[in-house]
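Asks: Structure for this input, please:
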Amino acid sequence: MVVNLDEVLTVGQAAQLLGVGPKTLSAMVRSGKVPGFRIGDRGYWRIRRRDIEAIMDPRRSRRSKPKPDI
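Replies: Numbering: from 1, shown residues only. Sure thing, here's the model as predicted:
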């Protein structure tokens, strides 16, 4: 299965991937713990799949440096 890491998810979709409730994830986005952005007139939150993937497996994050195996 090919996953598009540039895909944009709703709060509900991202929450399901992380195993948390949508309200919990919304609070995390508002507080800055999870990167997100608003779209549309009503300001619906959206989260990039790559950011969720990085939270699920920090080793895959483009921003973190790989740790050497000891």
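Asks: Off-centre distance for stretch 34-45?
Replies: 13 Å (C-alpha atoms, centre = their mean, to the nearest Å).
Asks: quick one: buried residues of that stretch?
Replies: 34, 36, 45 (16 or more other C-beta atoms under 10 Å). (Glycine included, C-beta is placed from N, CA and C.)
Asks: Also stretch 18-34?
Replies: Neighbour-count burial for stretch 18-34 [16+ other C-beta under 10 Å]: 18, 25-26, 28-29, 34.
Asks: can the buried residues of stretch 34-45 go into a markdown table with extra columns for pLDDT, secondary structure and distance to Ile52?
Replies: Shown next, in a markdown table, are the buried residues of stretch 34-45 (pLDDT from 0 to 100; DSSP: H, G, I helix; E, B strand; the rest coil; distance: C-beta to C-beta, whole Å):
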| residue | pLDDT | secondary structure | distance to Ile52 |
| --- | --- | --- | --- |
| Val34 | 95 | coil | 8 |
| Gly36 | 95 | coil | 10 |
| Trp45 | 94 | strand | 13 |
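Asks: wait, which of the residues you listed is closest to Gln13?
Replies: Trp45 (11.1 Å; C-beta to C-beta).
Asks: wouldn't that closest one be in contact with Val29 here?
Replies: Yes. Using C-beta atoms under 8 Å, Trp45 is in contact with Val29, at 5.3 Å.
Asks: Show me the strands in this protein, by range?
Replies: 8-10, 37-39, 44-48 (DSSP state E).
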